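# sequence plus predicted model, see below.
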There are 2 protein chains.
Amino acid sequence: MPDAAPSILRASRFFLGVKGASFDRLAHMAQVRRFARGAAIFREGQECPGVFVVGSGLVRVFKTAPSGREHVLHLVAPGGTFAEVAAIAGFETPANAEALEDTVCALLPAPAFAQALQDDHQLCLQLMGSMAAWVKHLVGLLEDIALRDATGRLARYLLSEAIEPQDVVRLPSLKKHLASHLNLTSETLSRTLRRMSDAGAIESRDDQSLVIKSRAALEQWARGEFPQI
Amino acid sequence: MPDAAPSILRASRFFLGVKGASFDRLAHMAQVRRFARGAAIFREGQECPGVFVVGSGLVRVFKTAPSGREHVLHLVAPGGTFAEVAAIAGFETPANAEALEDTVCALLPAPAFAQALQDDHQLCLQLMGSMAAWVKHLVGLLEDIALRDATGRLARYLLSEAIEPQDVVRLPSLKKHLASHLNLTSETLSRTLRRMSDAGAIESRDDQSLVIKSRAALEQWARGEFPQI
DNA sequence: ATCGCGCCTTGACCTGGATCAAGCCGCGTG
DNA sequence: CACGCGGCTTGATCCAGGTCAAGGCGCGAT
């Protein structure tokens, strides 16, 4: 995957529908940013630098409690974007972002991007859609945390990540990041995986991936029911 | 407050910046809808009828768990809007809405509204801002639920609702709605209020309102600390 | 090789808040 | 007026999941 900003933009789902002059304008303003594994991309409460588009690597976007507890809002893979909303609305970054792997991003600086939005109605409509998707995602997270227990959340996650033919799920490199994404401790995640495995609903392949043996059981758990395998 | 759709729109914060022909177009498409106290406005998973603007009354937007547990995403007062996102993006309503009081809304039907967005760049930019605000609100809720305990959430709520000179807070008509907004049971809410009151941080006026006696204490609680009054 | 350090797992315990239950009050209705 | 019902408070328990602690294992550095 080439590192140049235009090809990063081209490969992102977000800007899929943007073509011609609109696209060129964005490509022109884009800057390439590189982050080493573990590097902070921005911290909560800073002025938002702009819209980030991930070209390669992996980024987690998370909030921190005063106690030090963290909750990840989003894991951003190549092709994904983050900080769009703050960039558009011009408020401070409401969360932290950090590279989990060596990561290359394209950055569309906030002022130029805002101006492009002002000028370009098509782009504006595009963005609308993607913001709506983000809202949907957030409502999903809320629903998970407020209304589902640990097992239900994990079940829903596994179902959403399963890759069809074999129902294989690739887990994030560190389980503790998955745990905090589900608002769990890694201990609880570990125990819950084990229980699912004991129940025969899943089977761990290596520690990067597992296979779903019973979709039905997971679906019941996700619905808050109590499946007997 | 008059019930006619245009005046409802005019009074809403959401459409504040929309003027002239753009406004007239919206005003023209708007329909007035009335809901009795307790009536369902829509249920999760229905086709989204459009954007609702509250003229008078009170609406709660909430999700339901299979167990019957509810979590309210938003309490919408006069001047507020709901279902914007689903209307814009054209997906199903992701939550339920219900009138808590006799309520009058203006409804901008989804198809006409989407068309207006297509045609009207100004309107589009407007909406962008308000969606961003909604995202911010959701992130706040998530942060609350994932990162704060019962006392912290209540403290933050009280601070956000306090009306300045006297730091008076008007509570929603039913405490149980506040409870579910904070993802608590009404029992826990009751106990927490009592503890705050015992600590001298608040003083209940009648059971519709209370006064904040110590902002400092609430701020510490909201930060997850342990204030000794 | 050996050490040290993260990460994961497992066990034992603790606790915040849910659940269950009882009693009180205010209000609308027959 | 008596009655019932819904909302609020308070008390007594329960439990999911967090915290603390102890090993095990893989891996990079010495």
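Okay, I see it. Residues are numbered from 1 along each chain as shown, chains lettered A, B, ... in the order given.
# just the helices in chain A please.
A:5-11, A:20-29, A:84-89, A:110-119, A:121-147, A:150-161, A:175-181, A:186-198, A:215-222 (DSSP state H).
# B:A83: which of those helices is closest?
Closest to B:A83 of the helices of chain A is helix A:121-147 (Cβ to Cβ; 11.5 Å). Yep, even glycine has a C-beta here, placed from its N, CA and C like the rest.
# give me the contact status of the closest one with DNA strand D.
No. Helix A:121-147 is not in contact with DNA strand D by Cβ under 7 Å from any atom of the strand; minimum separation 9.7 Å.
# what angle sits between that helix and helix B:121-147?
20 degrees (axes from the mean of the first three to the mean of the last three Cα atoms, to 10 degrees).
# for helix A:121-147, which positions count as buried?
A:121, A:123-128, A:130-132, A:134-135, A:138-139, A:141-147 (16 or more other Cβ atoms under 10 Å in any protein chain shown).
# check stretch A:163-182 too.
The neighbour-count check on stretch A:163-182 (16+ other Cβ under 10 Å) flags A:D167, A:V169, A:L171, A:P172, A:K176, A:H177, A:L178, A:A179, A:S180, A:H181, A:L182 as buried.
# report how many residues lie close to A:S160.
Neighbours of A:S160 under the rule other Cβ atoms under 10 Å in any protein chain shown: 10.
# tell me the pLDDT at it?
pLDDT, A:S160: 90.
# what's the answer for A:D3, then?
Reported pLDDT for A:D3: 61.
# check the one 3 residues further on too.
pLDDT, A:P6: 86.
# what does chain A put close to DNA strand C?
Taking Cβ under 7 Å from any atom of the strand as the contact definition, chain A meets DNA strand C at A:L174, A:K175, A:K176, A:S186, A:E187, A:L189, A:S190, A:R191, A:L193, A:R194, A:D207.
# could you dump those residues to JSON lines with pLDDT and distance to chain B?
What follows is the residues of chain A next to DNA strand C, written out as JSON lines (pLDDT from 0 to 100; distance: Cβ to the nearest Cβ, whole Å):
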{"residue": "A:L174", "pLDDT": "86", "distance to chain B": "19"}
{"residue": "A:K175", "pLDDT": "90", "distance to chain B": "18"}
{"residue": "A:K176", "pLDDT": "87", "distance to chain B": "15"}
{"residue": "A:S186", "pLDDT": "94", "distance to chain B": "16"}
{"residue": "A:E187", "pLDDT": "95", "distance to chain B": "17"}
{"residue": "A:L189", "pLDDT": "96", "distance to chain B": "15"}
{"residue": "A:S190", "pLDDT": "95", "distance to chain B": "20"}
{"residue": "A:R191", "pLDDT": "96", "distance to chain B": "20"}
{"residue": "A:L193", "pLDDT": "95", "distance to chain B": "21"}
{"residue": "A:R194", "pLDDT": "94", "distance to chain B": "24"}
{"residue": "A:D207", "pLDDT": "74", "distance to chain B": "26"}
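# make TSV from those residues and add distance to DNA strand D to it.
Putting the residues of chain A next to DNA strand C into TSV (distance: Cβ to the nearest atom of the strand, whole Å) gives the following:
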residue	distance to DNA strand D
A:L174	13
A:K175	12
A:K176	12
A:S186	8
A:E187	4
A:L189	8
A:S190	9
A:R191	8
A:L193	13
A:R194	13
A:D207	8
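# so which of those wins on neighbours?
A:L189 (20 neighbours).
# do you know how far that residue is from B:S7?
53 Å (Cβ to Cβ, to the nearest Å).
# what about the closest residue to A:T151 other than its chain neighbours, how many residues nearby?
Leaving aside its sequence neighbours, A:T151 sits nearest to A:W221 (Cβ to Cβ, 6 or more residues apart in numbering or on different chains; 5.0 Å). A:W221: 27 surrounding residues under other Cβ under 10 Å.
# flag every buried residue along stretch A:50-68.
A:50-63, A:65.
# which of the residues you listed fall in strands?
A:G50, A:V51, A:F52, A:V53, A:V54, A:G55, A:S56, A:V59, A:R60, A:V61, A:F62, A:K63 (DSSP state E).
# look up how far A:I212 lies from the second one.
Same thing as A:V51. From A:V51 to A:I212 the distance is 35 Å (Cβ to Cβ).
# can you check the third one too?
Plainly put, A:F52 is 32 Å away from A:I212 if you go by Cβ to Cβ.
# who's in contact with stretch A:120-130?
Contact with stretch A:120-130 is made by A:14-15, A:17-18, A:22, A:25-26, A:81, A:84, A:88, A:116-117, B:88-89, B:117-118, B:121, B:124-125, B:127-128, B:131, as judged by Cβ atoms under 8 Å, 6 or more residues apart in numbering or on different chains.
# next, the angle strand A:50-56 makes with the worst-scoring helix or strand of chain A on mean pLDDT.
Sorting the helices and strands of chain A by mean pLDDT, DSSP states H and E puts strand A:70-76 at the bottom, at a mean of 81. For strand A:70-76 against strand A:50-56, the angle by the same axes, to 10 degrees is 70 degrees.
# give me the helices and strands touching strand A:70-76, please.
Packed against strand A:70-76 by the contact rule (3 or more Cβ pairs under 8 Å, 6 or more residues apart in numbering or on different chains; DSSP states H and E) you find strand A:59-64, helix A:121-147, helix A:175-181, helix B:121-147.
# pretty sure A:L108 contacts A:A30?
Yes. Using Cβ atoms under 8 Å, A:L108 is in contact with A:A30, at 5.6 Å.
# neighbour-wise, which of the two wins?
Counted by other Cβ under 10 Å, A:L108 and A:A30 do not tie: A:L108 has more neighbours, with 27 against 23.
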